[in-house]
Structure formats: C-alpha cells, structure tokens
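Peer 1: Kindly generate the corresponding structure for this input.
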Amino acid sequence: MRAIELGEYGGPEVLKVVETDVPAPGPGQVSIDVSYAGVNFADLKARAEGYRVPALPFRPGLEVSGRVRALGPDVVGLAVGQEVTALTDGGAYAEVVVTDAATVLPLPSGVDLRTGATLPTVLPTAYALLHEVARVRPGETLLVHGAAGGIGTVVGQLAKDAGMSAVYGVVSSRAKAAHALAHGYDDVFLGDDFQDGVRTATGGRGVDVALDPVGGSTLKVSLASLALFGRLVSFGNAGAAAPWSVGQPELYPAGISVGGFSILALAGTAPEALRSLSERAFAKVADGTVTLPVTAEFALSEAAEAHRLMASRASTGKLLLRIAEHPARA
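Peer 2: Below you'll find the model as predicted:
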C-alpha cells in the first residue's frame, strides 16, 4: 500500500510517498481502508518539530473516514465493510490505517465519507470546549481565536446553537473574516489588536468565555479580555511560546477560571468518554446544526502541498487528503 512518511524533520518536502506492507489489527484494534484523511495543524508540528512523534520514520495524520477492513480480537459493535470515521494516533496519511476500536465510530446517517473525514478532531474538540470545559450558558458572550479554521468554523455555529448572545472571532486576514462571519460570528477582529475591539464591542465589560489555541502573549491578552467570572480555555500552543503560569494576581480579583483541553490527551486517558463526546458532537452534523466546508482537497501524493497551504495561513475551513473513493483490498 501507499503511505506518506517523513524520515527527518523539516519543511513539507520531507513528506515522501512510500510503498509498505498493509498493517493488521491487534487486540482491540480495527484496520480501515482509508477514503479521506484530514489535515491538521498538529500534522505540521509533527513534521517540522517532532510533536508527538515517537520515532522516525513516522506517518502523520490523525483522522480518517473509510470502510472497516478487518477487526482485531475482542472488537465488537463494528463490521467489516462498514463506513466509519476514526481518530488515529498517527498514520492516517495511508491507504490503510490501524487504530483503537474505541476511537472508531459508524458514519452518522446522511453523512458521506468526504464529510466524515472532517469530524474526528474538529467536532468533538469544538463541542468539548464549549459544553464540557467552558460550560457555556445562554446569553453569554464568546471570543474565539482562529475563527476561520476548522475548529473556529464549528465553534461559531455551536455557540449560536447554545444560545450565546454574541460570538466574536480573531483572524489574520479580511478574507478569513468573511468566512467567519458566514459561520456564526457577529464581529471579527484582525490580528493582535483584538483586546480593544472586544472592550468596545462589549461596552467595556469583556467576554464571558475565550477559546485560545495560540498561547503565549495571545493567551495573556485573552485573559485580560474576560468579564467578571470569565473563563479562558487553552487548547493549543500554535505560537510555540514557552509555557507560562497564572496565579492569584490574575485570577482572584475577577473570579476568573482557566481550563484546558486536548482531544489527543483525552483519547489516551479516557477513550470511552471521548467516544460518548464524539457521538453527541456528530449528532450536530447529522441534524444540520453544523456544517464544516471542505475548502481544499489534495491527492495523497500532494500531502506536501496541503501542508504548504495550511502553513501559509491562507486556508479556511477544512483541508483533506483524498486517499481512495473505493479502496481496493490488497
């Protein structure tokens, strides 16, 4: 079978197409004939700096849609040939991938394989940020960084579905602002000057909830943009800044809370909780509450081009690799 591997860290050019053996599932695992694989920022970090890479060579990719190829021992509730979507611990850029059965879910009714590949990371993350970590309430206000990305696109829609009164986004360009405004956002701020925009938009009050995947100084300014009893949720460190600490001086005066979320960490510590979370999140796509546009699609051999586009910060929505519409069995 074909797969994408990197044998060294570096730019997109280190991604190479290789021919390799088809993997077989072990106990509690499932192998999947991959139709589509999602492209995520974590894949770029793995390629460039070894984020969550146990050893080289390494196959990137965290989410797929496709058909069950084989079941390992002790796997129940799934069937060979069934259309599924799955979160993987790497290896999704391949014609066949093996993953834990706990992270494999049947494709929701009415959802095709192309759409299914957009679901495993983005939908559960967006749902968890709002409903499990921030625990948003109707009438509250929200600030989201990366509002035009995959997670941001979904968060805007879920926030309105939850009854939030105003949803504000931060993006890097006017083109991205238009995308965010079309997906649930009431106002969008450009670049690093979002704090003044937030204060003006909220009459000086600040927002009840801020969601931050950037980290560093952006996270600190997000903290300062919160209203009384506001909540900040960190779900990434895209800026690659050094970790920082927050304590009594920042939190006590306004009763502020700070939380965090990582879908990959949850998959390792509580896979059944992730499965339940994913089922609830996927229902929002099946019932039409949420749409996640695929804005660019690449062949498996074009994985480097997909990485270049995402790294350019010009992309919106979701990027996919097209592996095979009807994968052949080797």
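Peer 1: in the stretch 51-200 of the chain, which spans are helices?
Peer 2: Taking DSSP state H, counting those that start in this stretch, the helices of the stretch 51-200 of the chain run over residues 113-116, 122-127, 150-161, 174-181, 194-201.
Peer 1: Adding distance to Pro60 and mean neighbour count, write these out as JSON lines.
Peer 2: For every residue, glycine as well, the C-beta is placed using N, CA and C. Output for these, formatted as JSON lines (distance: least, Cβ to Cβ, whole Å; neighbours: other Cβ atoms under 10 Å):
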{"stretch": "helix 113-116", "distance to Pro60": "19", "mean neighbour count": "20"}
{"stretch": "helix 122-127", "distance to Pro60": "17", "mean neighbour count": "26"}
{"stretch": "helix 150-161", "distance to Pro60": "16", "mean neighbour count": "25"}
{"stretch": "helix 174-181", "distance to Pro60": "24", "mean neighbour count": "18"}
{"stretch": "helix 194-201", "distance to Pro60": "31", "mean neighbour count": "17"}
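Peer 1: Which one, of those, ends up nearest to Leu300?
Peer 2: Nearest of the helices of the stretch 51-200 of the chain to Leu300, taken as Cβ to Cβ: helix 113-116 at 14.5 Å.
Peer 1: Excluding chain neighbours, what is closest to Glu5?
Peer 2: Excluding its sequence neighbours, the residue lying closest to Glu5 (Cβ to Cβ, 6 or more residues apart in numbering) is Pro57, at 4.5 Å.
Peer 1: Tell me who's in contact with that neighbour.
Peer 2: 5-7, 18 (Cβ atoms under 8 Å, 6 or more residues apart in numbering).
Peer 1: Now the buried members of these.
Peer 2: Buried by 16 or more other Cβ atoms under 10 Å: 5-6, out of the contacts of Pro57.
Peer 1: Just flag the most distant two among the contacts of Pro57.
Peer 2: Leu6 and Val18, at 10.1 Å, using Cβ to Cβ across the contacts of Pro57.
Peer 1: chain center to the strand or helix carrying Arg308, what's the gap?
Peer 2: Here Arg308, judged by DSSP states H and E, is contained in helix 303-311. Helix 303-311 sits 16 Å away from the centroid of its parent chain (Cα atoms, centre = their mean, to the nearest Å).
Peer 1: and after that helix, which helix or strand comes next?
Peer 2: Taking DSSP H and E, what comes next after helix 303-311 is strand 318-322.
Peer 1: strand partners of that following strand, parallel vs antiparallel please.
Peer 2: With DSSP bridges as the test, strand 318-322 is paired with strand 29-39 (antiparallel), strand 294-299 (parallel).
Peer 1: ok and that strand relative to helix 303-311, angle-wise?
Peer 2: 180 degrees (axes from the mean of the first three to the mean of the last three Cα atoms, to 10 degrees).
Peer 1: what sits up against strand 318-322?
Peer 2: Here strand 318-322 has contacts from 35-39, 61, 93, 114, 117-118, 122, 150, 153, 292-300, 302-303, 306, 309-310, using Cβ under 8 Å, 6+ apart.
Peer 1: The same query, at a cut-off of 7 Å, please.
Peer 2: 36-39, 93, 117-118, 122, 150, 292-300, 303, 306, 309-310 (Cβ atoms under 7 Å, 6 or more residues apart in numbering).
Peer 1: And the buried ones among the residues you listed, selectable in ChimeraX?
Peer 2: Burial among the contacts of strand 318-322 is assessed by 16+ other Cβ under 10 Å; the matching ChimeraX selection reads:
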select :36,37,38,39,93,117,118,122,150,292,294,295,296,297,298,300,303,306,309,310
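Peer 1: on that earlier part again, now tabulate the helices of the stretch 51-200 of the chain in TSV and tack on mean pLDDT and distance to Asn237.
Peer 2: Shown next, in TSV, are the helices of the stretch 51-200 of the chain (pLDDT from 0 to 100; distance: least, Cβ to Cβ, whole Å):
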stretch	mean pLDDT	distance to Asn237
helix 113-116	95	28
helix 122-127	96	15
helix 150-161	96	14
helix 174-181	90	20
helix 194-201	92	18
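Peer 1: Which among these is found nearest to Gly28?
Peer 2: Of the helices of the stretch 51-200 of the chain, nearest to Gly28 by Cβ to Cβ is helix 122-127, at 20.2 Å.
Peer 1: What is the closest one packed up against?
Peer 2: helix 150-161, helix 271-286 (3 or more Cβ pairs under 7 Å, 6 or more residues apart in numbering; DSSP states H and E).
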